[in-house]
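Peer 1: Next comes the sequence, and after it the predicted model I'd like to discuss.
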Amino acid sequence: MDVGEQKLNMPQRLRLAAFVAVCILLNYGGASYIYAITSVLIGILIGLMARKGKFDTVFGTMTVSVVVTLAAVVVSVPLNFIFYEGMTSNLWGDGVIGYLKEQGVPFALCGIIGQFYVDFLDKVITLLILFAVIKIRKRMVGKSRKAVTAAGMIPLLLASSFGAPLMTDTSVSANEDDLGGYVRTVYSSENGLPCGEANDIVQTNDGILWIATYAGLYRYNGSEFRWMNEYDSVRNANCLFVDEEGRLWIGTNDNGLTIVINDTIANTIGKEEGLPSDSVKCITKSSDGRYYIGTTDSMAVLTLNEGVKLLNVIPQVHFASSVTADTNGFAAAVNSEGRLFLLGNGEILTSQECPNGNEQFTCCTFGASGLLYAGTSGNSIYVFENTGTELVRQRVITCGRLSNLQSITFDGGTRGYICADTGIGYIDTKGNYTDINSDEFNNSIDNMCIDYQGNLWFTSSRLGLLRLSKSVFTDVYRAYGIPGKVVNSVEEWDGCLYFGTDTGLDIGGMTNKKQVENELTKMLEGVRIRCIRKDSRGNLWICTYGKGLVKVKQGGVVTVFDSTTGSFGDRCRTVLELSDGTIVAAGDTGIAFLDETGIRQTITYGAGFSNASISDSQFLEL
């Protein structure tokens with residue numbers, strides 16, 4: 001039999017099958033050996049299929065990949081539900097599960113589809129590489145065949161980890177949004193907010209913004225901040241809450257609760273009225289009419305039916321740092337020990353610590369879909385489904401550079417804004433995280449609100465108040481991540497924006513919103529650029545002070561017209577195209593007429609011109 005036609009014998013096939021099983025086992029063994037059950041089954045199936053010669057053809061190999069995938073799903077899905085609340089713990093698989101769940105697909109089916117999504121491509125690629133290795137090996141003899149097999153195992157091993165479920169939850173990050181369409185304004189002790197710090201902010205139904213500070217309560221009507229010194233019971237303010245009736249609830253540091261209706265104090269509630277402590281840290285109202293008040297002692301449950309009444313005190317929720325409520329009568333809170341509590345009917349239904357022993361829960365918020373988002377002292381957000389009696393973890397979102405999350409605020413639409421000790425960011429409906437570049441306003445950010453005009457307000461207990469106002473204009477340089485400069489000319493060319501500045505050429509990609517650096521930007525680094533224009537032939541013309549006139553053709557071919565050519569100077573001010581396609585450029589020696597071949601004619605200074613430096617307006621008059 002010819003060497004090129006010989007088939008692998010049984011021991012050889014079984015060795016290859018065993019190696020594939022080991023490769024797939026490595027996907028799981030490093031994090032959780034329970035998935036060795038799946039790997040053992042895969043190894044057995046591959047061995048049986050190899051014995052039947054299924055790896056002799058591409059069709060047979062694809063058949064094996066489908067069988068192996070289905071087997072992996074059958075075994076892995078129950079393990080996922082037993083150990084990981086139904087999640088795959090793989091970035092892409094959990095993303096599929098989350099999306100399908102939001103579309104109303106039953107969670108069991110979501111788990112099956114998510115696991116299939118993870119396994120199918122992984123197994124197809126791995127087994128196709130195995131098929132290629134077998135084919136190559138069959139054509140080799142002696143030591144050379146062993147060398148090829150060994151080399152072939154390297155990509156096989158790499159491929160085996162391509163779609164591996166990672167047993168640590170992660171989320172897409174590293175994106176950054178400068179919110180270039182927003183104008184930034186910081187209010188501090190220097191421009192309107194005398195105290196220079198802010199703890200919380202809310203908006204009442206009349207459009208007035210209220211800011212809680214350690215120096216008291218401030219009222220902002222859109223043009224000025226006013227200190228509400230007439231509120232005797234509010235000499236400092238920790239937190240604020242507005243209920244659906246428009247009442248403003250003010251939690252103070254040493255005087256309990258104050259309730260304001262139409263700018264007038266209606267009630268004050270303190271320790272004498274049954275509040276566990278006069279220091280209030282957080283407030284919310286559940287849909288069943290109960291108000292949950294977190295104090296530095298215990299959590300109080302109040303009602304306003306026929307006046308303020310204390311319904312219950314929950315001592316386990318000691319020093320609550322965050323409290324939230326959904327639309328189904330449930331509430332959730334985080335206490336000073338970092339424990340998360342699910343509350344209902346004024347009682348504790350269940351509680352749990354952060355699964356990551358190195359972190360604690362620090363804040364919590366119910367989303368519009370009813371999922372509970374719990375931030376941590378690290379940079380994680382745990383997403384839970386509330387079953388009514390327990391919290392079932394769905395996924396974990398990693399929040400980039402943020403640390404010690406303080407609050408999560410949803411806009412009712414596409415974003416959830418995250419405030420943290422190290423900055424701000426947001427998550428979208430799929431749980432993808434994006435950093436927000438807040439410049440120097442990046443310290444001790446506690447809360448935020450969105451006013452009726454769509455402006456974003458962020459409070460910092462150290463830096464004051466940041467307002468991001470929507471604008472019809474976009475700060476392009478900020479959006480592209482380019483340091484601000486004086487721009488003399490702008491032109492769109494070849495899918496990019498070209499900015500001529502006093503210190504060189506800046507280029508921004510219009511699709512990816514990223515700064516572009518290439519040979520042209522390096523060539524013009526530090527050179528003053530006065531004008532940039534494109535012509536009807538698709539060429540780009542750049543007027544510089546120092547390098548004359550620069551012509552750039554499609555494809556990047558650069559031609560320079562300067563003093564070294566003998567007919568044009570080094571300082572070019574402006575350029576335009578005539579109706580016949582002729583290019584006219586004005587510089588320190590006069591004007592030049594150019595066509596595709598180069599400079600056709602020049603009119604130098606002194607031949608009818610009184611100025612060697614011709615401005616744009618003079619040029620147009622000519």
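Peer 2: Done, it's in. Residues are numbered from 1 along each chain as shown.

Peer 1: pLDDT weak spots in the protein?
Peer 2: 1-36, 83-86, 89-92, 94-95, 98-99, 101-104, 137-181, 472, 566-567, 606-622 (pLDDT under 70).

Peer 1: Centre-most residue in it?
Peer 2: The C-alpha lying nearest the average C-alpha coordinate of the chain belongs to T434 (Cα atoms, centre = their mean; 1.5 Å).

Peer 1: any idea how far that one is from S189?
Peer 2: 31 Å (Cβ to Cβ, to the nearest Å). Just so you know, the C-beta spots here come from the backbone N, C-alpha and C atoms, and that holds for glycine as well.

Peer 1: What residues does M299 make contact with?
Peer 2: M299 makes contact with 276, 292-293, 313-314, 317, 320, 323, 333, according to Cβ atoms under 8 Å, 6 or more residues apart in numbering.

Peer 1: wait, T327 sits on S287?
Peer 2: Yes - T327 lies in contact with S287 (Cβ atoms under 8 Å); the separation is 5.1 Å.

Peer 1: where's the longest helix along the chain relative to the chain centroid, distance-wise?
Peer 2: Identified as the longest helix of the chain according to DSSP state H is helix 107-138. Remark: helix 107-138 is offset 30 Å from the chain centroid, using Cα atoms, centre = their mean, to the nearest Å.

Peer 1: How about stretch 408-426?
Peer 2: 10 Å.

Peer 1: Next: stretch 405-419.
Peer 2: Relative to its chain's centre, stretch 405-419 lies at 12 Å (Cα atoms, centre = their mean).

Peer 1: Tell me the buried residues in that stretch?
Peer 2: Buried residues in stretch 405-419, defined by neighbour count with 16 or more other Cβ atoms under 10 Å: 405-410, 415-419.

Peer 1: TSV please, covering those residues and showing secondary structure and distance to T365.
Peer 2: Below are these laid out as TSV (DSSP: H, G, I helix; E, B strand; the rest coil; distance: Cβ to Cβ, whole Å):
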residue	secondary structure	distance to T365
L405	strand	10
Q406	strand	11
S407	strand	7
I408	strand	4
T409	strand	7
F410	strand	7
R415	coil	13
G416	strand	7
Y417	strand	10
I418	strand	10
C419	strand	11
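
Peer 1: which residues does T365 form a beta bridge with?
Peer 2: Assessed by DSSP bridges, T365 has beta-bridge partners Y373.

Peer 1: Can you tell me how far it is from Y373?
Peer 2: Counting by Cβ to Cβ, the gap from T365 to Y373 is 5 Å.

Peer 1: any common contacting residues for these two?
Peer 2: In contact with both T365 and Y373: 408, 416, using Cβ under 8 Å, 6+ apart.

Peer 1: Look up which residues are beta-bridged to T185.
Peer 2: Beta-bridge partners, per DSSP bridges, of T185: R467.

Peer 1: now, among the contacts of M299, which is nearest to N518?
Peer 2: V323 (53.2 Å; Cβ to Cβ).

Peer 1: Where does the closest one sit: helix, strand or coil?
Peer 2: strand (DSSP: H, G, I helix; E, B strand; the rest coil).

Peer 1: Count residues in the vicinity of it, would you?
Peer 2: Counted with other Cβ atoms under 10 Å, residues neighbouring V323 total 29.

Peer 1: what does D243 give?
Peer 2: As a burial measure, D243 scores 15 neighbours (other Cβ under 10 Å).

Peer 1: Skipping its backbone neighbours, what lies nearest it in space?
Peer 2: Among residues not flanking D243 along the chain, K285 sits closest, at 5.1 Å (Cβ to Cβ, 6 or more residues apart in numbering).

Peer 1: residue contacts, that neighbour?
Peer 2: Here K285 is in contact with 241, 243-244, 291-292, 325 (Cβ under 8 Å, 6+ apart).

Peer 1: List the buried residues in whichever strand or helix holds R393.
Peer 2: Per DSSP states H and E, R393 falls inside strand 391-398. Neighbour-count burial for strand 391-398, counted by 16+ other Cβ under 10 Å, picks out 391, 393-398.

Peer 1: right, and the residue nearest to the centre of the chain touches I418 too?
Peer 2: No - using Cβ under 8 Å, T434 makes no contact with I418, being 9.8 Å away.

Peer 1: any shared contact partners between the two?
Peer 2: Counting by Cβ under 8 Å, 6+ apart, the residues touching both T434 and I418 are 425-427.

Peer 1: So which of the residues you listed sit within strands?
Peer 2: Judged by DSSP state E, strands contain the following of the shared contacts of T434 and I418: 425-427.

Peer 1: if we can go back for a sec, between T327 and S287, which is the more surrounded one?
Peer 2: S287 (13 against 10).

Peer 1: tell me which element the more buried one falls in.
Peer 2: Using DSSP H and E, S287 falls within no helix or strand.

Peer 1: which ones are touching it?
Peer 2: Taking Cβ under 8 Å, 6+ apart, one finds 325-329 in contact with S287.

Peer 1: can you name the two of these that are farthest apart?
Peer 2: Farthest pair in the contacts of S287 (Cβ to Cβ) is A325 and N328. Separation: 9.2 Å.

Peer 1: These two: which is more packed in?
Peer 2: Ranked by neighbour count (other Cβ under 10 Å), A325 and N328 place A325 first, with 21 against 13.

Peer 1: isn't the more buried one right up against I283?
Peer 2: No - A325 is beyond contact range of I283, at 10.2 Å (criterion: Cβ under 8 Å).

Peer 1: re the thing from before, can you put the contacts of S287 in JSON lines and add secondary structure?
Peer 2: Listed next are the contacts of S287 as JSON lines, based on three-state DSSP:
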{"residue": "A325", "secondary structure": "strand"}
{"residue": "D326", "secondary structure": "coil"}
{"residue": "T327", "secondary structure": "coil"}
{"residue": "N328", "secondary structure": "coil"}
{"residue": "G329", "secondary structure": "coil"}
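
Peer 1: what do A325 and I283 both touch?
Peer 2: Taking Cβ under 8 Å, 6+ apart as the criterion, A325 and I283 both touch Y292.

Peer 1: about what we covered before: ok, which pair from the contacts of K285 is furthest apart?
Peer 2: The span of the contacts of K285, defined through Cβ to Cβ, is set by E244 and Y292 at 15.1 Å.

Peer 1: which stretches of the protein form helices?
Peer 2: Using DSSP H, helices in the chain cover 10-29, 36-51, 58-83, 91-102, 107-138, 142-160, 476-480, 519-523, 616-621.
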